[in-house]
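In: From the sequence below, what's the structure:
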Amino acid sequence: MKKFKITSLWAAFAAFVFFIILTSSGILFSITYAMVQLGYLSKGEPSPIVPTITLLAMGICIASAVNFWVGKKVLKPISAFSKAMMDVAKGNFGGQLNYDGVVAELNEMSANFDTMVHELGNIETLRSDFVVSVSHEFKAPLTSIEGYATIIQNPELTNEQKNECAQIIIESTKQLAKLSSNILMISDLENKEIITKKYEFRLDEQIRQAILLLEPIWSSKKINFNIDLDLADYFGNAELMMQIWLNVIGNAIKFTPKNGEISIGLKNISNHLKVTVSDTGIGMSSDVQKHIFDKFYQADRSGNTDGNGLGLSLVKRIVDLCQGSIQVDSSLGRGTTFILEFPRK
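Out: Numbering: from 1, shown residues only. Coordinates of the predicted model:
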């Protein structure tokens, strides 16, 4: 059996109100008629039925006016809200209710809906930009691999030329592997709210290990290190913390010229640990500083510097999960200083 449905919210409300009015009217009229018949009301006097019917008619008119007002002020916005939700379900995040009426709850509902649609639109934009950026970052090394793999098949190439092409292919492959690893790690961390696999370790020793791991890069540029690390125990995920130092110190090395200098400090303060990484590199403009933690953001798009714009995004997410903070102080030609603080557990 097919269930009866009312397609209009206003029609449902109107039918409900009139049903109550008619039921109340019928009960009132029946009581009045019964009282007349039982002698509680005198038949000789003017009949009470006429004024009763008059009052009922006036009640119906008043109820109709109220019904119309409620339908316009309350139910119509709800219908608009339903339509807007359908648009959102279809992927249209550009609509706004902008309701400003007399019902406080509807005003709040409209404001919350507009906020939700705005945030969904931002997420959709970020998702689209993310797909475009990933496609672009994968395309460059893949094109390089394809091109040099084709060149290397030329029988007229010398062994030296073939080795050079093979080395470029290897470097492009490493770039793809690093990009894939960073994307997977960021995706995993963005779905987490707490860090697991924690234990206590020496933070100062870990920073020294990170510097040693990066030695092949900074030694070739003859960079001098000034290291001042307080002894500090930290309770956290050592693997994730190592990612912070490899990326932050690695960035300092990347943008510091030959014979430059990098200073790394660790202060063991009563309720938190403070780490500073300063370089004498090229520095950053204020506009660049606003975007350095954005995914795939690279101030230098010329391809002269290695990287895929994910390192500092990864650092920021790990720091946030550690309930810490990261700040940058920089200006063009003056170098850059990263300041990281972590609360004691």
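
In: Mind jotting down where the strands sit in the stretch 101-250 of the chain?
Out: 199-202, 224-229, 233-236 (DSSP state E, counting those that start in this stretch).

In: quick one: strands adjacent to the last one?
Out: According to DSSP bridges, the neighbouring strands of strand 233-236, each with its direction, are strand 199-202 (antiparallel).

In: Please apply the same query to the longest one.
Out: Strands adjacent to strand 224-229 in the sheet, as given by DSSP bridges, are strand 261-268 (parallel).

In: which of the residues in the strand it pairs with are buried?
Out: With burial defined by 16 or more other CB atoms under 10 Å, the residues of strand 261-268 counted as buried are Ile262, Ser263, Ile264, Gly265, Leu266, Asn268. For every residue, glycine as well, the C-beta is placed using N, CA and C.

In: The helix or strand following it pairs with which strands, and in what direction?
Out: Downstream of strand 261-268, the first helix or strand assigned by DSSP states H and E is strand 272-279. Paired strands of strand 272-279, with direction, are strand 261-268 (antiparallel), strand 335-343 (antiparallel) (DSSP bridges).

In: For those, give me a markdown table that also has distance to Met185 and mean pLDDT.
Out: As requested, the strands paired with strand 272-279 are exported to a markdown table (distance: least, CB to CB, whole Å; pLDDT from 0 to 100):
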| stretch | distance to Met185 | mean pLDDT |
| --- | --- | --- |
| strand 261-268 | 23 | 92 |
| strand 335-343 | 18 | 91 |
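
In: Output those strands in JSON lines; the columns should cover distance to Tyr234.
Out: Output for the strands paired with strand 272-279, formatted as JSON lines (distance: least, CB to CB, whole Å):
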{"stretch": "strand 261-268", "distance to Tyr234": "10"}
{"stretch": "strand 335-343", "distance to Tyr234": "7"}
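
In: of all the ones you listed, which lies closest to Ser82?
Out: strand 335-343 (46.3 Å; CB to CB).

In: ok, Arg208 touching Leu231?
Out: No - at 11.6 Å, Arg208 does not count as touching Leu231 under the criterion of CB atoms under 8 Å.

In: In terms of neighbours, single out the busier of these two.
Out: Arg208 (16 against 10; other CB atoms under 10 Å).

In: In contact with the more buried one, which residues?
Out: Counting by CB atoms under 8 Å, 6 or more residues apart in numbering, Arg208 makes contact with Ile227, Leu229.

In: That one and Glu215, how far apart?
Out: For Arg208, the distance to Glu215 equals 11 Å [CB to CB, to the nearest Å].

In: repeat for Gly324
Out: Applying CB to CB, the value for Gly324 to Glu215 is 27 Å.

In: and those two? which has more neighbours close in?
Out: More crowded of Gly324 and Glu215, by other CB under 10 Å: Gly324, with 18 against 11.

In: Neighbours of the nearest residue to that one once chain neighbours are set aside, how many?
Out: Excluding the flanking residues, the one nearest Gly324 by CB to CB, 6 or more residues apart in numbering is Phe342, at 4.1 Å. When neighbours are counted by other CB under 10 Å, Phe342 registers 22.

In: ok, now how distant is Phe342 from Ala104?
Out: In terms of CB to CB, Phe342 sits 44 Å off from Ala104.

In: How about His272?
Out: For His272 relative to Ala104 (CB to CB), the value is 43 Å.

In: Please identify which of these two sits among more neighbours.
Out: His272 (13 against 8).

In: so the more buried one sits right up against Ile339, yeah?
Out: No - applying CB under 8 Å, one finds His272 not in contact with Ile339, separated by 11.7 Å.

In: list the contacts for the nearest residue to Ile227 once chain neighbours are set aside?
Out: The shortest distance from Ile227 to any non-neighbouring residue, by CB to CB, 6+ apart, is to Ile264 (5.3 Å). Neighbour list for Ile264: Ile207, Ile211, Phe225, Asn226, Ile227, Asp228, Leu229, Ile249, Val275, Thr276, Val277, Ser278 [criterion: CB under 8 Å, 6+ apart].
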